[in-house]
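In: starting from these lines, generate the structure:
(2 chains)
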Amino acid sequence: MKPKNQRLVLILLALAAVGGAVLLAMSALRSQAAFFYSPADVVRHGRPPADRAVRIGGMVRQGSINRHGDGVTIDFLVGDETPNTIRVRYRGITPDLFRENSGVFAEGRFQADGLFVASEILAKHDENYMPPVAAGNEHKSGSLE
Amino acid sequence: MIAEAGLAALWLAACLSLLQLLLGAAALRPEGQGLLPSIRPIAVAQGVLAAIAFLALIWLFLRTDLSVRLVAANSHSEKPWLYKFAGAWGNHEGSMLLWVTVLAVAGAAVALLERRLPQRTLIATLAAQAAIGLGFYAFLLFASNPFERGPIPPSGDGAGLNPLLQDPGLAFHPPTLYFGYVGISIAFSFAVGALVTRDVGPAFARAMRPWVLGAWIFLTLGITAGSYWAYYELGWGGWWFWDPVENASLMPWLAATALLHSVTVLATRDGLRAWTIMLAVVAFSMSMIGTFLARSGILTSVHAFAVDPKRGAFILALLFLYIGGAMALYALRVGTVKEGSKFDFVSREGALVVNNLLITVILGLVFVGTIYPLITEAMGTRISVGPPYFNAVNGPIALILVAIMGAGPLLRWRRDDLAKLGGRIAIPALLCAAVLLALVLLEPGMGWLPLFGLTVAIGIGLASLAPLWGRNLRRTPLFTWGMVIAHLGIAVALAGMASESAFTKETLVAARPGQGMRVGPFAVRFDNVEPVAGPNWTAVQANLVAWRGEDGARLPLHPQQRLFPSAPGSPTSEAAIVTRWDGQLYVALGNPDGQGRWQLRLWWKPFVTLIWLGGAMVAFGGFLSLIGRLRRERRTRGEPAEALA
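Out: Numbers count the residues shown, from 1 in each chain, chains lettered A, B, ... in the order given. Model prediction:
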């Protein structure tokens, strides 16, 4: 093989590899990406199917945190600027900054009865940070400009 | 006074970098020959001035000069001195100043130390370096001035450092990563220099290689340290979260790893010329994107210090300018890069090409997964891409890559024979098969990724030692040792990852003092909870004792919930970790349940320490290679291409 041809083969291989990567990424994203739902989204678009991992976010409603007898499971309501809420159940240690009237993200699945069972509650790292839901449109205009 | 001096030094350094760029560009024209000797001193002076500015900032933080806005917002007079010192870069402005300082000092080092490159290429390199620095100087001076004065806060003291950052990790993790990013930018400047002067070849590759290697060592260390820091500080028991900011450091590392291997082909066999330059461009782009993701505030994480759209826009503009410029230069000049020498597909070069392709694919997959949510969010749909995606797409490819890593070093350069290779890898391949069989029989129900991960790790761990077989170990060159240790480190880290994900045992309880519990092979007794005080925090501390077997050693564990008065209302969890030879026992203290019980989360993580031991081995292997290369180069200076191990 001439060096010139070899270079061509290498370029084609590289393109094929990158193209394959993008195809693989796209198909995996379709099945694995977790869509984000706010309480209002659940009402607007309907609940996602139970086999699909999604992420929800909003504010923990005042007075809604309810601890189970085992001491490690809690139920709470996540709300947003609309009157809608999502019932969430989580078994585990809540993040340091998890509390009422504070922003929260949870990843998990909806049950058939509308209860959201969280596999993970995401800590917000910074007390100055407001979740986009709470900050409203400010975030949208500010993020990608 | 110190603040003004620092700012002045920064302005001067910025002006010098502009001068360095203009004079460098002029010197490269045929009529500008006379300017050539003036460039090196400018680069050195620029490095010195940037260092002065950075030292001034450290001085302000050490003295807690509250009239400086940045200090008042991020420091506190009662912090231990280490955190005052490291706190200088535990914020947006300071970390950008550190970035630009490392860049300028590295530029000065190139100007002082680099003697292998033709002078014109070196000047082009320094000019490119100045162009990169200039954008960041502008960013600092116009959008993130660290020396800005402000009103003294009414409380009479600073607001304090984010408690999560108050950790020795802060002194180590950001600087090492920045050394890595900047090292890559230098490798990129070399590539630009070589493109401009049409000088891409083995000599250029040998000049660039130590910088790539050095950058890669620092990135490896920075990522390993960051992973361990997150593991023990965040209290979730995980060591890698596929957080976009983690990916931002992983992507330059992947690109640098590919570049490191291709630059070796270029240096020793004069192959993969255009590809190596392309990788330098990609690696630089990735380190720019990493800086952008971490610094623009576009991502919410512990790394995003400030959410300021103006800054995000500024960095985004820089990003497009630099990456666009780099790509445009590449597209314009790649035609002038001559063909390299050819090789068979079954050869060391061929294996390295496959390595490069697979790493590029992984890089592409991580990149898409990291950027995709940002793009969809801009279009109005919010999604998150997490571990399910990254593990599913990267796992299999990474395993193939590691398998090839075991075989590649056993191939000869230029041409080899597959049948002979089969003979060389027969024993590791048999070991793989035996491990796989044993795991399937003894540990049914193991996930396929950890299953194959452990199999490949053990087999390839053995294979990675194979290049030493039949050699006189005392006469084996240092860089061969480096390669063997780095490859072994990858296998070791992979074994740790697989073991952690397959064999971790977890217990979550709400327990009263005096209560006992079990986690994996350990019995644990929860004794009591007591208040303790540190230098600038108070804490609730749980006292536990763990033991394995009836007469096992009693291991004390003291997880805490710390509260910093400077950040009231945001306690941080300090996990207690006990390391044994075969793993770590990890305990995090949760909240009281109001009825006298405390939440406790315990993990037994077999061989989890191998992850970071492996990372350290990889970096150490790189270090040995670097020393070995530099020593050989000193010995054979002036002679043409060396023979390779």
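In: drop to CA atoms for contacts and neighbour counts, all remaining ones
Out: Noted.
In: the closest residue to chain B within chain A: neighbouring residues, count only.
Out: Nearest to chain B, among the residues of chain A, is A:F35, at 4.1 Å (C-alpha to the nearest C-alpha). Residues lying near A:F35 (other C-alpha atoms under 10 Å in any protein chain shown) number 18.
In: B:F503 versus the nearest residue to it once chain neighbours are set aside, what's the distance?
Out: Leaving out its chain neighbours, the residue that sits closest to A:F35 by C-alpha to C-alpha, 6 or more residues apart in numbering or on different chains is B:I383, at 4.1 Å. B:I383 sits 31 Å away from B:F503, going by C-alpha to C-alpha, to the nearest Å.
In: which of these two has more residues huddled nearby?
Out: Each of B:I383 and B:F503 has its neighbours counted (other C-alpha under 10 Å); B:I383 has more, 21 against 17.
In: so is stretch A:57-70 next to chain B?
Out: Yes: residues of stretch A:57-70 contacting chain B under C-alpha under 8 Å from any C-alpha of the partner chain: A:R67, A:D70.
In: between the two ends of that stretch, how far is it?
Out: Taking C-alpha to C-alpha, the first and last residues of stretch A:57-70 lie 25 Å apart.
In: what pLDDT does whichever residue of chain B sits closest to chain A get?
Out: Closest residue of chain B to chain A, C-alpha to the nearest C-alpha: B:I383 (4.1 Å). Per-residue pLDDT puts B:I383 at 80.
In: doesn't A:S31 make contact with it?
Out: No: checked against C-alpha atoms under 8 Å, the pair B:I383 and A:S31 is beyond contact range at 11.9 Å.
In: could you list every helix and strand in contact with the longest helix anywhere in chain A?
Out: When chain A is parsed with DSSP state H, its longest helix is helix A:3-32. Under the contact criterion of 3 or more C-alpha pairs under 8 Å, 6 or more residues apart in numbering or on different chains; DSSP states H and E, helix A:3-32 touches helix B:348-378, helix B:387-407.
In: ok, the shortest one near chain A or not?
Out: To tie it back to what came earlier, the one meant is helix B:387-407. Yes: residues of helix B:387-407 are located near chain A by C-alpha under 8 Å from any C-alpha, namely B:P388, B:Y389, B:A392, B:V393.
In: hmm, which of those residues are the buried ones?
Out: Neighbour-count burial (16 or more other C-alpha atoms under 10 Å in any protein chain shown) is assigned, among the residues of helix B:387-407 next to chain A, to B:P388, B:Y389, B:V393.
In: looking at these, which is nearest B:L259?
Out: B:L259 has its nearest neighbour among those in B:V393, at 22.2 Å by C-alpha to C-alpha.
In: ok, now which ones touch the closest one?
Out: For B:V393, the contact set (C-alpha atoms under 8 Å, 6 or more residues apart in numbering or on different chains) comprises A:L24, A:A25, A:A28, B:L365.
In: one more pass at 6 Å, please.
Out: Shown in contact with B:V393 (C-alpha atoms under 6 Å, 6 or more residues apart in numbering or on different chains): no residues.
In: mind checking pLDDT for it?
Out: B:V393 is given a pLDDT of 90.
In: what's the burial count for residue 40?
Out: In the absence of a named chain, chain A is used. 18.
In: try chain B instead
Out: 21.
In: secondary structure class for the residue nearest to it when sequence neighbours are not counted?
Out: Distances taken as C-alpha to C-alpha, 6+ apart place B:A111 nearest to B:R40, at 5.1 Å, with adjacent residues excluded. With DSSP: H, G, I helix; E, B strand; the rest coil as the basis, B:A111 sits in helix.
In: most tightly packed of the helices and strands packed on helix A:3-32?
Out: Among the helices and strands packed on helix A:3-32, ranked by average contacts under mean count of other C-alpha atoms under 10 Å in any protein chain shown, first place goes to helix B:348-378 (a mean of 21).
In: pLDDT of that one, averaged?
Out: Across helix B:348-378, pLDDT averages out at 88.
In: what of stretch A:8-19?
Out: Mean predicted confidence for stretch A:8-19 is 82.
In: can you find the helix or strand in chain B with the smallest mean pLDDT?
Out: Least confident helix or strand, chain B: strand B:383-384 with a mean of 80, by mean pLDDT, DSSP states H and E.
In: for stretch A:65-73, measure first residue to last.
Out: 10 Å.
In: run the chain-centre distance for it.
Out: Averaged C-alpha coordinates place stretch A:65-73 at 23 Å from its chain's average position (C-alpha atoms, centre = their mean, to the nearest Å).
In: hang on, the earlier thing: quick check: the residue nearest to A:F35 vs B:A280, distance?
Out: B:I383 is 32 Å from B:A280, where distance means C-alpha to C-alpha.
In: where do the strands sit along chain A?
Out: A:34-37, A:54-60, A:66-67, A:73-79, A:85-91, A:103-110, A:116-122 (DSSP state E).
In: least confident secondary structure element in chain A?
Out: Per mean pLDDT, DSSP H and E, bottom of the list for chain A is helix A:137-143, a mean of 28.
In: how close does A:P83 get to B:L19?
Out: Per C-alpha to C-alpha, A:P83 is found 61 Å from B:L19.
In: list the buried residues in stretch B:148-165.
Out: Using 16+ other C-alpha under 10 Å as the test for burial, stretch B:148-165 gives B:R149, B:D157, B:G158, B:A159, B:G160, B:L161, B:N162, B:P163, B:L164, B:L165.
In: an error on my part: the question was meant for stretch B:450-465.
Out: Across stretch B:450-465, burial judged by 16+ other C-alpha under 10 Å covers B:450-465.
In: given the least confident helix or strand of chain B, what are its sheet partners and their directions?
Out: strand A:34-37 (antiparallel) (DSSP bridges).
In: so what touches the partner strand?
Out: Under C-alpha under 6 Å, 6+ apart, the answer for strand A:34-37 is A:A53, A:V54, A:R55, A:I56, B:R382, B:I383, B:S384.
In: try it again with 8 Å
Out: Strand A:34-37 is contacted from outside by A:R52, A:A53, A:V54, A:R55, A:I56, A:G57, B:T381, B:R382, B:I383, B:S384, B:V385, B:G386, using C-alpha under 8 Å, 6+ apart.
In: show me where pLDDT drops low in the chain?
Out: I went with chain A, as the question did not name one. Scanning chain A for pLDDT under 70 picks out A:1-4, A:96, A:123-145.
In: my bad, the chain I had in mind was chain B
Out: In chain B (pLDDT under 70), the answer is B:296-309, B:566-570, B:636-645.
In: tell me where it has strands.
Out: Going by DSSP E, chain B shows strands at B:383-384, B:505-511, B:516-519, B:522-533, B:538-548, B:555-557, B:560-563, B:572-574, B:576-580, B:583-592, B:598-606.
In: my guess is B:W537 contacts B:P571, does it?
Out: No: with contact defined as C-alpha under 8 Å, B:W537 does not reach B:P571; the gap is 9.8 Å.
In: mind checking the strands of chain B for the one nearest to B:L401?
Out: Among the strands of chain B, the nearest to B:L401 by C-alpha to C-alpha is strand B:598-606 (24.8 Å).
In: before we move on, back to that, how about the helices and strands packed on helix A:3-32, which one is nearest A:F98?
Out: helix B:387-407 (22.6 Å).
In: please convert the buried ones among the residues of helix B:387-407 next to chain A to TSV, extending it with distance to B:Y322.
Out: Shown next, in TSV, are these (distance: C-alpha to C-alpha, whole Å):
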residue	distance to B:Y322
B:P388	33
B:Y389	30
B:V393	30
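In: ok, these vs B:L122, which is closest?
Out: Nearest to B:L122 out of these is B:V393 (C-alpha to C-alpha; 41.0 Å).
In: gap between the closest one and A:A25?
Out: To A:A25, B:V393 is 7 Å away according to C-alpha to C-alpha.
In: please apply the same query to A:N101.
Out: To A:A25, A:N101 is 37 Å away according to C-alpha to C-alpha.
In: out of the two, which sits in the busier spot?
Out: Counted by other C-alpha under 10 Å, A:N101 and A:A25 do not tie: A:A25 has more neighbours, with 26 against 15.
In: list the contacts for the nearest residue to that one once chain neighbours are set aside?
Out: Once flanking residues are discounted, A:A25 sits nearest to B:L365: 5.7 Å by C-alpha to C-alpha, 6+ apart. B:L365 makes contact with A:A21, A:V22, A:L24, A:A25, B:F390, B:V393, B:N394, according to C-alpha under 8 Å, 6+ apart.
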